[in-house]
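Participant: Pasting a predicted model and its sequence here:
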Amino acid sequence: MVNVLLLGNSARAHAIAEVLKRNNEVKLYSYIAGKNPGVIEHSEEFYVGKYDDLESIKEFAEKSNQSSQ
């Protein structure tokens with residue numbers, strides 16, 4: 001299994017999430033600034049926060065990595 005952290009909630013992020021999830025080996029975790037149903041649909045977990053909150057991003061990444069093991 002490969003864990004991927006996606007930062008973004010744009011249409012481009014949705015397209016990236018969709019392509020990543022075509023691979024059954026990918027577990028997608030998304031950190032988004034606003035709810036994007038397309039990104040959320042493809043994510044194992046997601047968190048809504050600010051992109052300049054690096055501590056929050058780090059905590060989400062660490063939590064997501066631990067929960068997938």
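Facilitator: Nice, I can see it.

Participant: switch to C-alpha atoms for all contacts and neighbour counts from now on
Facilitator: OK.

Participant: Next, the contact list for the closest residue to residue 26 other than its chain neighbours, please.
Facilitator: Distances taken as C-alpha to C-alpha, 6 or more residues apart in numbering place residue 2 nearest to residue 26, at 4.8 Å, with adjacent residues excluded. Residues in contact with residue 2, defined by C-alpha atoms under 8 Å, 6 or more residues apart in numbering, are 25-27.

Participant: does the most centrally placed residue in the chain sit in a helix, a strand or a coil?
Facilitator: Computing the C-alpha centroid of the chain and ranking residues by C-alpha atoms, centre = their mean puts residue 30 first, at 1.4 Å. For residue 30, the assignment made with DSSP: H, G, I helix; E, B strand; the rest coil gives strand.

Participant: residues in contact with it?
Facilitator: Listed by C-alpha under 8 Å, 6+ apart, the contact partners of residue 30 are 5-8, 39-40, 43, 45-47.

Participant: so which of these is the most crowded?
Facilitator: residue 39 (26 neighbours; other C-alpha atoms under 10 Å).

Participant: so that one is in which element?
Facilitator: When secondary structure is defined using DSSP states H and E, the element that contains residue 39 is helix 37-42.

Participant: Now do that helix: everything it contacts.
Facilitator: With contact meaning C-alpha under 8 Å, 6+ apart, helix 37-42 is reached by 9, 13-14, 17-18, 21, 28, 30, 46.

Participant: residues of the lengthiest helix in the chain that come out buried?
Facilitator: Looking across the chain with DSSP state H, the single longest helix is helix 54-67. Across helix 54-67, burial judged by 16 or more other C-alpha atoms under 10 Å covers 56-57, 60-61, 64-65.

Participant: Alright, calling it a day.
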